[in-house]
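Visitor: Build the 3D model from these lines:
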Amino acid sequence: MTSRASLGHPDEVLIVGGGVIGLCSALYLLEAGRAVRVIERSTIGAGASHGNCGTLTPSHAPPLAAPGVLLKGLRWMLKPDAPLYIRPRIDPALWSWLLHFAARCNPRDWRDSTAKRAVLLSASRGLLAEAVQRHSLDCEHSDSGLSYVFRTQQLLDTVAADLPALAELGIRAEVHDGARVEREEPALKPGVAGGILFPDDGHLRPDRYLAALTERVRALGGLIEEGVALQRLQIDGGRVTAVHTSAGVYRPRETVLALGAWTPSLAQSLGIKLPIQPGKGYSITYSRPQLAPRRPLVLKERSVCVTTWADGFRLGSTMEFSGYDQSLNRVRLDALERGATEFLHQPTGDAKREEWYGWRPMTWDDLPLVGRVPALSNLVLAAGHGMMGVSMSAVSGHLVADIVCARTPVVDLASLDPARFS
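Guide: Below is the predicted model:
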């Protein structure tokens, strides 16, 4: 097998994974003066980075592991169109994950994860806006805010009860009555009980964000190779000495793994335990309807996210734990459209452009893993971002560069240590 080093292309940093985390890591490393190569087994952004709703959401600091959520999920196991669906099956890894997840569904751990996620999401929100401006990233980045919309007062009151805790973390929110929400958002049908506006949230268009990052990484001298599959890491003396791939052998000074939901299989081969479960999400993309929402909406009773772009419109969300099932589940796609129909005058566009699913890398504490892999001095992990990959992309990329360059990290790394699950 050909050695890439013998071809005259020694890589100071090799990033394995061409999703939004890998590309942001490449951008910040290039800014720091490092030589960078990104390899991706498929095409850039082929995973969860592509089909999400593109929201940038400090408001989503509360983790999935909340008091009562697991019991709700268990009740939903017999309801395949439920927002959170756990497919009944014998899967020891999943049930072990769920047990740890269940143990965190309490007020103390909820507050702990919320505080740590708020730091990451707020830092990333600012860093991403700076990067968009600094690099002129053409991705329809907007500071529009995001609104939760409710059709029942009971759910509005339940969600609003958490707002003081978010306010203590610097996350602003405004509770509006139904008349104001309908007045300010004509796309909504009558019957809205109220809404919560998060004015510091924003959004972008994921495919254009990925394309802009790709263009900028290449413009700064980074190399990006698609269709290159990782085969194995060669370890010697506590270091990665070679990265074997379908295109040859690379011998980087540093290696960064940004493999998303595919991280556990590689980690297992290295004897590392990483409790990441693939949480399957869905989205449908249409042409833009004439009466489209002015800002991103979360239709809370149905857990459907709605995002509008200049010439597009997307319905997304749902969480399904069904392993690496590759089917496009019609029941769950139809649930997105049914949910939107309850809230919106025009729930779909005239042309359906894409039906999509992807796996989010879910940890049971809803915090990513960013740091050096234990016992391997030149291997950095950046994975486990769950549903927040785009929202946390800038801070994660910055942290990877901080680690590789031995700089003071932009936020505290202690809660993200990959060794915390050992």
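Visitor: Give me the buried positions along the longest helix that the chain contains.
Guide: Once the chain is assigned using DSSP state H, the helix that runs over the most residues is helix 107-135. Using 16 or more other Cβ atoms under 10 Å as the test for burial, helix 107-135 gives 109-114, 116-125, 127-129, 131-132, 135. Glycine gets a C-beta too; all of them are placed from N, C-alpha and C.
Visitor: what does stretch 415-422 give?
Guide: Under the neighbour-count rule (16+ other Cβ under 10 Å), stretch 415-422 has Ser415, Leu416, Asp417, Pro418, Phe421 buried.
Visitor: Any idea how far the least confident helix or strand in the chain by mean pLDDT is from the middle of the chain?
Guide: Scoring the helices and strands of the chain by mean pLDDT, DSSP states H and E places helix 69-75 at the bottom, with a mean of 74. Using Cα atoms, centre = their mean, to the nearest Å, the distance from the centre of helix 69-75 to the centre of the chain it belongs to is 23 Å.
Visitor: Strands - which of the buried residues of stretch 415-422 land there?
Guide: When strands are assigned by DSSP state E, not one member of those lies inside them.
Visitor: for Asn329, what are its contacts?
Guide: With Cβ atoms under 8 Å, 6 or more residues apart in numbering as the criterion, the residues that contact Asn329 are Pro80, Tyr282, Glu320, Tyr357.
Visitor: so what's the backbone phi/psi at the closest residue to the third one other than its chain neighbours?
Guide: Nearest-residue entry for Glu320: Lys280, 4.1 Å, with adjacent residues in sequence omitted and distances by Cβ to Cβ, 6 or more residues apart in numbering. As for Lys280, its main-chain torsions (degrees, to the nearest 10) stand at phi -80, psi 130.
Visitor: Next: Gly339.
Guide: The main-chain torsion angles of Gly339 are listed as degrees, to the nearest 10 and equal phi -60, psi -40.
Visitor: now swap in the one 10 residues further on and tell me
Guide: With angles defined as degrees, to the nearest 10, Gly349 sits at phi -90, psi 170.
Visitor: repeat for the one 4 residues further on
Guide: Arg353 adopts backbone torsions of phi -100, psi -30, taken as degrees, to the nearest 10.
Visitor: Then the one 5 residues further on?
Guide: Taking degrees, to the nearest 10, you get phi -160, psi 160 for the backbone angles of Gly358.
Visitor: hmm, back to that, and the very next helix or strand once past the longest helix of the chain, what does it pack onto?
Guide: On the C-terminal side of helix 107-135, the closest following helix or strand by DSSP states H and E is strand 146-150. Packing contacts for strand 146-150, counted by 3 or more Cβ pairs under 8 Å, 6 or more residues apart in numbering; DSSP states H and E, involve helix 153-160, strand 194-198, strand 297-299.
Visitor: Repeat the analysis, applying 6 Å as the threshold.
Guide: The helices and strands touching strand 146-150, judged by 3 or more Cβ pairs under 6 Å, 6 or more residues apart in numbering; DSSP states H and E, are strand 194-198, strand 297-299.
Visitor: Pairing partners for the shortest one, with directions?
Guide: Put plainly, it is strand 297-299. According to DSSP bridges, strand 297-299 forms sheet pairs with strand 146-150 (parallel), strand 304-308 (antiparallel).
Visitor: and those as a markdown table, adding distance to Asp366?
Guide: Below are those laid out as a markdown table (distance: least, Cβ to Cβ, whole Å):
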| stretch | distance to Asp366 |
| --- | --- |
| strand 146-150 | 19 |
| strand 304-308 | 17 |
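Visitor: and of these, who's closest to Glu254?
Guide: strand 304-308 (35.4 Å; Cβ to Cβ).
Visitor: what does the closest one rub up against?
Guide: Contacts with strand 304-308, where a contact means Cβ atoms under 6 Å, 6 or more residues apart in numbering, come from 53-54, 203, 292-293, 296-298, 314-317, 336, 339-340.
Visitor: now, which of the residues you listed lie within strands?
Guide: His203, Leu297, Val298, Arg314, Leu315, Gly316, Ser317.
Visitor: Need those residues in JSON lines (columns: neighbour count, pLDDT and distance to Pro63).
Guide: As requested, these are exported to JSON lines (neighbours: other Cβ atoms under 10 Å; pLDDT from 0 to 100; distance: Cβ to Cβ, whole Å):
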{"residue": "His203", "neighbour count": "26", "pLDDT": "97", "distance to Pro63": "21"}
{"residue": "Leu297", "neighbour count": "26", "pLDDT": "98", "distance to Pro63": "22"}
{"residue": "Val298", "neighbour count": "25", "pLDDT": "98", "distance to Pro63": "16"}
{"residue": "Arg314", "neighbour count": "25", "pLDDT": "98", "distance to Pro63": "24"}
{"residue": "Leu315", "neighbour count": "27", "pLDDT": "98", "distance to Pro63": "23"}
{"residue": "Gly316", "neighbour count": "21", "pLDDT": "96", "distance to Pro63": "19"}
{"residue": "Ser317", "neighbour count": "23", "pLDDT": "87", "distance to Pro63": "16"}
